[in-house]
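Trainee: Give me coordinates for this.
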Amino acid sequence: MNWSSVALRFHGEHALRVDDKCRLAIPVAYRQALQAQGDARLVLTRSLSVSVSGRCLLGWPVDAWGAYVEKVRALPQSDPAVIAVLRLQVSSHLQVVPDGQGRVVLSPSLRAWAHIEP
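Mentor: You can find the predicted model right below:
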């Protein structure tokens, strides 16, 4: 298998903090992986599952997010589960680029979803 053609995926759960300007520091390993593939952009969205600590957010490399959205849009649009994914996850995504210190600004709607406060 040609691993260079496999979309970059992130795994793991991280308890991260936001600063007083609502900036979240992306873990170094994730930033390095994004830079290695030549695209530092990241998509943040709501997680549809609830972790032990409550609602959370998901981070996706842009290419992997695009492939996921294509798969969701190929599903029957009348299916209530598909409608929920489109409304709760796809429509709420935010594309971000980490600043020089690896931070991204979280939107008010994503912060509210995950109960994140500075």
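
Trainee: so which helix or strand takes in Pro76?
Mentor: For Pro76, there is no host helix or strand (DSSP states H and E).

Trainee: Could you double-check that it sits in contact with Val85?
Mentor: No: applying C-beta atoms under 8 Å as the test, Pro76 and Val85 come out as separate, 11.9 Å apart. (Glycine included, C-beta is placed from N, CA and C.)

Trainee: When those two are compared, which one has more neighbours?
Mentor: A direct count of neighbours by other C-beta atoms under 10 Å for Pro76 and Val85 places Val85 higher, at 19 against 8.

Trainee: How far away from the center of its chain is the longest strand along the chain?
Mentor: Secondary structure of the chain per DSSP state E: the longest strand is strand 42-51. In terms of C-alpha atoms, centre = their mean, to the nearest Å, the centre of strand 42-51 is found 6 Å from the chain centre.
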